[in-house]
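K.L.:
Provided below are the primary sequence and the corresponding predicted coordinates.
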Amino acid sequence: MADLSASVAELARTFSGRLLLPADPGYDEARRVHNGMIDKHPALVAQCRGAADVADAIGLARRHGLEIAVRGGGHNVSGRATIDGGLMIDLSAMRSVHVDRASRRARVDGGALWNDVNRETQLFGLAVTGGAVSTTGVAGLTLGGGFGWLMPKYGMALDNLEAVHLVTAAGEAVRASAGEHPDLFWAVRGGGGNFGVASSFEFTLHEVGPVVTGGLVAHPIDKARDVLRFFRDYSLDLPDDVFTVGALLTGPDGTRLAGIAVGHCGSLEDGARVVAPLKSFGQPVMDVIGPMPYSQINRMLDDAFPRGARNYWKSHFLDTLPDEAIDTLVDRFLACPSPLGQIALEGFHGAATRVAPEATAYAMRASGFNTLILSQWTNAGDDAACIDWARESYAALQPFVGARRYLNYLDHDDVGDAALAAVYGPNLSRLRRVKAQYDPENVFHANLNVKP
């Protein structure tokens, strides 16, 4: 550690950000991520302010033989944004968003959150597909796919990328785009953090809002089977302007509910017509669907994901949602031991499904329902019960699952060849070739690792 401390002191003379050793003020807060279960202690946290800081931090880590983890928003459930005894490259101070209204482009720093993006782009009535939760980081969500309210209309977040600025394992700053390093550009669109540290992104923007149609409708849990069957049938023939999520969840007063969240990015007249069946179905106990700012739609689920809560997730894509699968999900939710736990079904259709699976490293391009068993709780004494519930629920879902899984929802124990095959399918061999070119020593391996 003495040698590392000397190197840190030397680097600090030119480093624009902060270099935090375990004894330094601010270290304990810096090492924390969104998931309260994660309690790792890096040897050094490098809070970078630009690509030059990132390059120098990588160089220091390699000289000292430190493993590297990269924190963007720190929202990923698996805890791979931090690392015991290694270097945590923390991009959270890099949150600027620059919008070019004329070209409808945005350049977004690697530590930005989707709330940062929405705030700047909506000033001009523009948007890009981003997270369904506004506190999610841009980098992790985009590199792993990018579900969001605009997905059916404009594709995944990664489908809207014009370029990614990366710092490689060799400390080189490169711009990957269709015309520059096209093989790397293909790989980072779905390949996660396997190829370098993404210091910034360039996105295409679209005219959205500022006021659109969206919200949530909820029904008593004893109607859950009917609600999810209605959600399934309603989702089968929607226009591209609409994104829907079916959910089994617990309300603030402790009442279990079956809900449907919706976002419509077209005109308010079309939105009112499309959401009318949601508002007229059954006898909801809550209906807050109506005109609202687009940025508010991106925040409406935030409270269901409190920072510091303990999380363990299991997820799989379902090509169809038969009645038997719905029955299984409802039965499993009724056994959920925590009021913060939920089950979500994200309706997948539209533009994102019209991209060939081989066009990007991201391969989950079918229509269907991405199903997330989200176990969440606050007391460490409940760890075993809440983890067991997620695993048992996931096991019960297996008769209905498809071939693919979504990278961003995989937890720390979703590793190895089976997980890689489920995420990347036919794209895995090409990813390994690109990895061998840009990171032959597998420096960036604290992720769902694609080995060279």
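P.N.:
Perfect, thanks for sending it. On a predicted model such as this, the values are computed, not experimentally measured, just so you know.

K.L.:
mind telling me what element residue 295 is part of?
P.N.:
Secondary structure from DSSP states H and E places residue 295 in helix 294-297.

K.L.:
quick one: list the elements packing against that helix.
P.N.:
Packing contacts for helix 294-297, counted by 3 or more C-beta pairs under 8 Å, 6 or more residues apart in numbering; DSSP states H and E, involve helix 114-121, strand 211-220. In short, each C-beta sits where N, CA and C put it, glycine included.

K.L.:
okay, these in JSON lines with distance to residue 425 and mean neighbour count next?
P.N.:
Listed next are those as JSON lines, based on distance: least, C-beta to C-beta, whole Å; neighbours: other C-beta atoms under 10 Å:
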{"stretch": "helix 114-121", "distance to residue 425": "27", "mean neighbour count": "22"}
{"stretch": "strand 211-220", "distance to residue 425": "32", "mean neighbour count": "21"}
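
K.L.:
could you list the buried residues of the helix holding residue 295?
P.N.:
294-297 (16 or more other C-beta atoms under 10 Å).

K.L.:
so which of those comes closest to residue 125?
P.N.:
Residue 125 has its nearest neighbour among the buried residues of helix 294-297 in residue 294, at 9.0 Å by C-beta to C-beta.

K.L.:
confirm for me that the closest one is in contact with residue 118.
P.N.:
Yes - applying C-beta atoms under 8 Å as the test, residue 294 and residue 118 come out as touching, 7.1 Å apart.

K.L.:
what is in contact with these two at once?
P.N.:
Counting by C-beta atoms under 8 Å, 6 or more residues apart in numbering, the contacts common to residue 294 and residue 118 are residue 127.

K.L.:
which strands or helices does the lengthiest helix in the chain pack on?
P.N.:
The longest helix of the chain (DSSP state H) is helix 383-397. Secondary-structure packing of helix 383-397 (3+ C-beta pairs under 8 Å, 6+ apart): strand 310-318, helix 323-334, strand 368-377.

K.L.:
pLDDT averaged over it - what is it?
P.N.:
For helix 383-397, mean pLDDT is 98.

K.L.:
how far off centre is it?
P.N.:
On the basis of C-alpha atoms, centre = their mean, to the nearest Å, helix 383-397 sits 21 Å off its chain's mean C-alpha point.

K.L.:
can I get it in PDB? Just the C-alpha atoms.
P.N.:
Extracted in PDB, the C-alpha atoms of helix 383-397 (Å, rounded to 0.1, in the frame of the first residue of the first chain):
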ATOM      1  CA  ASP A 383     -31.500 -11.700   3.100                       C
ATOM      2  CA  ALA A 384     -32.000 -15.500   3.000                       C
ATOM      3  CA  ALA A 385     -35.800 -15.400   2.700                       C
ATOM      4  CA  CYS A 386     -35.800 -12.700   0.100                       C
ATOM      5  CA  ILE A 387     -33.100 -14.300  -2.100                       C
ATOM      6  CA  ASP A 388     -34.800 -17.700  -1.800                       C
ATOM      7  CA  TRP A 389     -38.100 -16.100  -2.900                       C
ATOM      8  CA  ALA A 390     -36.500 -14.700  -6.100                       C
ATOM      9  CA  ARG A 391     -34.700 -18.000  -6.900                       C
ATOM     10  CA  GLU A 392     -37.800 -20.100  -6.300                       C
ATOM     11  CA  SER A 393     -39.900 -17.800  -8.300                       C
ATOM     12  CA  TYR A 394     -37.400 -17.900 -11.200                       C
ATOM     13  CA  ALA A 395     -37.300 -21.700 -11.000                       C
ATOM     14  CA  ALA A 396     -41.100 -21.800 -11.200                       C
ATOM     15  CA  LEU A 397     -41.000 -19.600 -14.300                       C
END
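
K.L.:
what's that helix in contact with?
P.N.:
In this structure, residues lying in contact with helix 383-397 by C-beta under 8 Å, 6+ apart are 37, 310, 312-314, 316, 318, 325, 328-329, 331-333, 335-338, 341, 343, 371, 373-377.

K.L.:
contacts for the least confident helix or strand in the chain by mean pLDDT next, please.
P.N.:
Here the helix or strand of the chain ranked lowest by mean pLDDT, DSSP states H and E is helix 2-11, holding a mean of 90. Helix 2-11 is contacted from outside by 19, 21, 43-44, 56-57, 60, 63-64, 66, using C-beta under 8 Å, 6+ apart.

K.L.:
then that helix to PDB, C-alphas only?
P.N.:
Extracted in PDB, the C-alpha atoms of helix 2-11 (Å, rounded to 0.1, in the frame of the first residue of the first chain):
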ATOM      1  CA  ALA A   2       2.900   2.300   0.600                       C
ATOM      2  CA  ASP A   3       3.900   2.100  -3.000                       C
ATOM      3  CA  LEU A   4       0.300   2.700  -4.100                       C
ATOM      4  CA  SER A   5       0.100   5.700  -1.800                       C
ATOM      5  CA  ALA A   6       3.200   7.200  -3.300                       C
ATOM      6  CA  SER A   7       1.800   6.700  -6.800                       C
ATOM      7  CA  VAL A   8      -1.500   8.300  -5.800                       C
ATOM      8  CA  ALA A   9       0.300  11.300  -4.400                       C
ATOM      9  CA  GLU A  10       2.300  11.600  -7.600                       C
ATOM     10  CA  LEU A  11      -0.800  11.300  -9.900                       C
END
